[in-house]
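Asker: below is the sequence, then the predicted model.
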Amino acid sequence: MTAWAVADPMLSGPDEPAHVIRAEAIVRGQLVGAAVNPLHDPGYKPGAAADPNTWVLVPGVLHDANSLRYWCYIFFPDTTASCTPPMHGPAHDVRVETYVGHYPPLYYAVVGLPSLADPGPPGIIGMRLVSALLNSALLAVALAIALRRCRLAALGVLVAATPTVVYYGASVNPNGLEMSAAICFFTALLTLVLPSARPPTSAHLLAATASGCLLALARGLSPVWVAMAVAAALLVGEPERLRSLARRRAARAAAAVLALALAAAIGWIVGAHALLELVRPVRQRVGELRLVQAAFAATPHYLAEMIGIFGANNVPAPPLAVAVVVALFALLVLGALAVGSARERLVLVALLAAIVVVPVAADIVGGRHYGFIWQGRYTLPIGAGSPILAGLVLARRLPDRVGSMAARIDGLVLPASLLLGAAQFACLWWDLRRFMVGANGPLSGVFQRGLWQPPLPGPVLLVLALAGAAVVSLSPALAQRTRLPATSTTAGWSP
């Protein structure tokens, strides 16, 4: 994530200018800002029923942050980032618009802190690095919890943490926190409710509570993902395990803390109108059937975005990386459907269906008002649950179904995780090439002094990314060497 945070040009991430403005305003005491008068908003459309934009006072260096001159290359994949002018502005604070001024403030209050030292490019990179630290910590906790269960469970976490998760985790964007927190929440929660040779620990409860609270307070739809994750855990959980948890005082306290976080999140969303959109009635009459067809037709693109499409949603991940993620996702899910219980299969199918149904429903409901604004990254917080659940189900059921072959299947986890690490590394290389020499330029261009240079040389960023990918990919083997040999138990494959 550190490599990603430095590799992308200033303000190049989706909605990043608006989020940077919001973060710098939050840490300077402006929770929402002033409502924009529709008559003075150049982006306001005639006939609109609402305007989410707000005015905030931020340092002058962000005076032109919303200007398209900083995005002169975004919609032209073969144009490098060298066309962007230096960020500068008056020394005094200026009034700037942001369309995320109603979003929950927690994420911005944390990542915006580096801008107090320098509101310009160094501070923006600092904000990305703080975001990367927060999100990578959540993913590390999820991976550690899964590794304590078994290596197949860890593979589920690695598959869930797609290149999209890593990319947004290193951007100034609360969507990254939403995805990382959801992966940690699903992992901790499912580990608590599914049988294993080890009883649930206070560390699992703490991880579930912290990540659940962060997820609830991340974005406007985040409480929905918390509710869906809890529902999935209750449906798939072993009754005796659930009753045992309910009898524990720590578990009841954790549930109360999560409920308070949900109440606070819902209170902010309702009170601050966090789901407010720029509503524009569709002038052309569109039939219901055509609307439904268009919503379903967008599904393949949403699925691709869940794996990896970078830049302004116009730099797709390399095909080989996509193939690796899709193949391992399919193997995990199909394997779990083959060996899981009826209840486990039901919950897994429901999670898979949500990946398609939720975006389609959102597009059908909102399509007439503001068009199809859904993106695959919005679905990832709930979509991440399926590979995580699949890995845990396989870990539990395989020894009973295939006996001695379970050890051989478990041994395939390391090659699979190495492939995922290679996919993550290739995505950063692909993205860096796009900004330095253009999307169709040579891959070797990152080793040259191209038209645009990141703050750190391309080779240094590649070495950093390779080191991170290697350590994460090798973590199943490293963790296995610190524990006793794996044994088959009635509760599953125990490390």
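Answerer: Cool, got the structure.

Asker: buried residues in stretch 97-113?
Answerer: By 16 or more other C-beta atoms under 10 Å, the buried positions in stretch 97-113 come out as 97-108, 110-113. C-beta coordinates here come from the backbone N, C-alpha and C atoms, glycine included.

Asker: please flag which of those sit within helices.
Answerer: Leu106, Tyr107, Tyr108, Val110, Val111 (DSSP state H).

Asker: can you lay out those as a markdown table showing pLDDT and distance to Leu451?
Answerer: Output for these, formatted as a markdown table (pLDDT from 0 to 100; distance: C-beta to C-beta, whole Å):
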| residue | pLDDT | distance to Leu451 |
| --- | --- | --- |
| Leu106 | 96 | 39 |
| Tyr107 | 97 | 33 |
| Tyr108 | 97 | 33 |
| Val110 | 97 | 35 |
| Val111 | 97 | 30 |
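
Asker: quick one: those as CSV, columns for distance to Val36 too.
Answerer: As requested, those are exported to CSV (distance: C-beta to C-beta, whole Å):
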residue, distance to Val36
Leu106, 24
Tyr107, 22
Tyr108, 19
Val110, 26
Val111, 24
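
Asker: list the contacts of the most centrally placed residue in the chain.
Answerer: Central residue of the chain (C-alpha atoms, centre = their mean): Met179, 2.9 Å from the mean position. Taking C-beta atoms under 8 Å, 6 or more residues apart in numbering as the contact definition, Met179 lies against Asn135, Thr164, Val165, Tyr168, Gly169, Arg377, Leu380, Pro381, Ala384.

Asker: looking at it, Leu192 is touching Ala203, isn't it?
Answerer: No: Leu192 is beyond contact range of Ala203, at 10.7 Å (criterion: C-beta atoms under 8 Å).

Asker: neighbour count winner among those two?
Answerer: Ranked by neighbour count (other C-beta atoms under 10 Å), Leu192 and Ala203 place Leu192 first, with 24 against 13.

Asker: burial of the spatially closest residue to the more buried one that is not a sequence neighbour, as a residue count?
Answerer: The shortest distance from Leu192 to any non-neighbouring residue, by C-beta to C-beta, 6 or more residues apart in numbering, is to Pro200 (4.7 Å). When neighbours are defined as other C-beta under 10 Å, Pro200 has 20 of them.

Asker: surely Pro200 forms part of a helix?
Answerer: No: read with DSSP: H, G, I helix; E, B strand; the rest coil, Pro200 is coil and lies in no helix.

Asker: pretty sure it sits against Ala188.
Answerer: No: Pro200 is beyond contact range of Ala188, at 9.3 Å (criterion: C-beta under 8 Å).

Asker: kindly format the C-alpha coordinates of the helix or strand hosting the residue nearest to the centre of the chain as CSV.
Answerer: Under the criterion of DSSP states H and E, Met179 resides in helix 174-193. The C-alpha trace of helix 174-193 is given here as CSV (Å, rounded to 0.1, in the frame of the first residue of the first chain):
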residue,chain,number,x,y,z
PRO,A,174,-13.2,6.2,2.9
ASN,A,175,-14.2,3.3,0.5
GLY,A,176,-10.8,1.8,1.3
LEU,A,177,-11.5,1.8,5.0
GLU,A,178,-14.9,0.3,4.3
MET,A,179,-13.5,-2.6,2.4
SER,A,180,-10.6,-3.4,4.7
ALA,A,181,-12.8,-3.1,7.8
ALA,A,182,-15.4,-5.4,6.2
ILE,A,183,-12.7,-8.1,5.5
CYS,A,184,-11.5,-7.9,9.1
PHE,A,185,-15.1,-7.9,10.5
PHE,A,186,-16.2,-10.9,8.4
THR,A,187,-13.0,-12.9,9.3
ALA,A,188,-13.3,-12.2,13.1
LEU,A,189,-17.0,-12.7,13.2
LEU,A,190,-17.1,-15.9,11.3
THR,A,191,-14.2,-17.3,13.3
LEU,A,192,-16.2,-16.5,16.5
VAL,A,193,-19.3,-18.4,15.4
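
Asker: please, which helix or strand holds Arg434?
Answerer: With DSSP H and E as criterion, Arg434 is part of helix 413-437.

Asker: in that helix, what counts as buried?
Answerer: 413-414, 416-437.

Asker: got it, and stretch 435-452?
Answerer: Under 16+ other C-beta under 10 Å, the buried positions of stretch 435-452 are Phe435, Met436, Val437, Gly438, Ala439, Gly441, Gly445, Val446, Gly450, Leu451, Trp452.
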